[in-house]
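Q: have a look; sequence and predicted model below, questions after that.
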Amino acid sequence: MNPQKLDTNLISNVLKGERSAQFQLFELTKGMLYSACYRIVNDEDEANDALQDAYVEIFQKIHTLKHPEALIGWMKTITIRKAILQNKKKIHFEEIEKVDPESGEEFDSWFDAEILDQAIESLPAGARAVFLLLSVEGYSHKESAEMLGISESTSKSQLHYAKTLLKKRITKLLQA
C-alpha cells in the first residue's frame, strides 16, 4: 500500500461515511490486510473470510476512531484479531521441554523470501502465529499474549521455538 495515497481528505471522507471513499480505502488496503490474514491462517479461503469480517467491523466502527492518523494500525489490529479468531481452533501451542536462551538466533547463510515463506508456512500454527505477531507485525509479547489468549512466557517460548524451527527448516531447504 502506498501511504501517500491515503491522504487526510480520504480519511476525512471515510469517517463521514462516504461510500466512494470507503471503496477507495478498501482498494488501497486490501492487499496489505489480506497478506496479514493469510500469514496467520495459512489458507486462502479462510483469509478471505477473515478479511471480509474485518472490513465489516472496520466500517461499522470507524466512527469510533479517535485518532485518524492511526487508521492503518487500527485496521491492521482488527484484521489480525479476526484472522486469529477465524483460526482459533487450529492454533495449538506445542509443549516445549526446555528453552535455551543462549542458543544463537544468528543465521549465516543467504536465502530469499520464497525460502523464508516456505519455512514460516511449515511452522506449527501456534508458533507461526506468535512469530508473525512479534517478528513481522511488531506486537509486543504482552499484546500477542492477549490476542492469542496465552501467557507472556508462552509467547516468549513459542517465539524462541519458532525461530529454532525456522533455522532448521531454512538450513534443510538450502541443502535441497
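A: Perfect, thanks for sending it.

Q: show me the shaky parts of the chain.
A: In the prediction, the chain carries residues with pLDDT under 70 at positions 1-5, 89, 92-111, 176.

Q: can you rerun that using 90?
A: 1-12, 14-17, 39-43, 63-70, 73, 84-129, 136-138, 144, 146-150, 166-176 (pLDDT under 90).

Q: which ones are touching the residue positioned nearest the centre of it?
A: Against the mean C-alpha coordinate of the chain, by CA atoms, centre = their mean, the closest residue is residue 36 at 4.3 Å. By CB atoms under 8 Å, 6 or more residues apart in numbering, the residues touching residue 36 are 76, 79-80, 83, 137. For every residue, glycine as well, the C-beta is placed using N, CA and C.

Q: that one and residue 138, how far apart?
A: 11 Å (CB to CB, to the nearest Å).

Q: and what of residue 174?
A: Counting by CB to CB, the gap from residue 174 to residue 138 is 27 Å.

Q: can you check residue 118 too?
A: Distance from residue 118 to residue 138, by CB to CB: 23 Å.

Q: ok, the two, which is more surrounded?
A: Using other CB atoms under 10 Å as the criterion, residue 118 and residue 138 rank with residue 118 on top: 13 against 10.

Q: what sits closest to that one if chain neighbours are left out?
A: residue 173 (6.2 Å; CB to CB, 6 or more residues apart in numbering).

Q: before we move on, what about residue 136?
A: Nearest one to residue 136, counting by CB to CB, 6+ apart, is residue 39 at 6.8 Å.

Q: OK, contacts around the one you found?
A: 120, 128, 132, 136.

Q: pull the most distant pair out of those residues.
A: 128 and 136 (10.2 Å; CB to CB).
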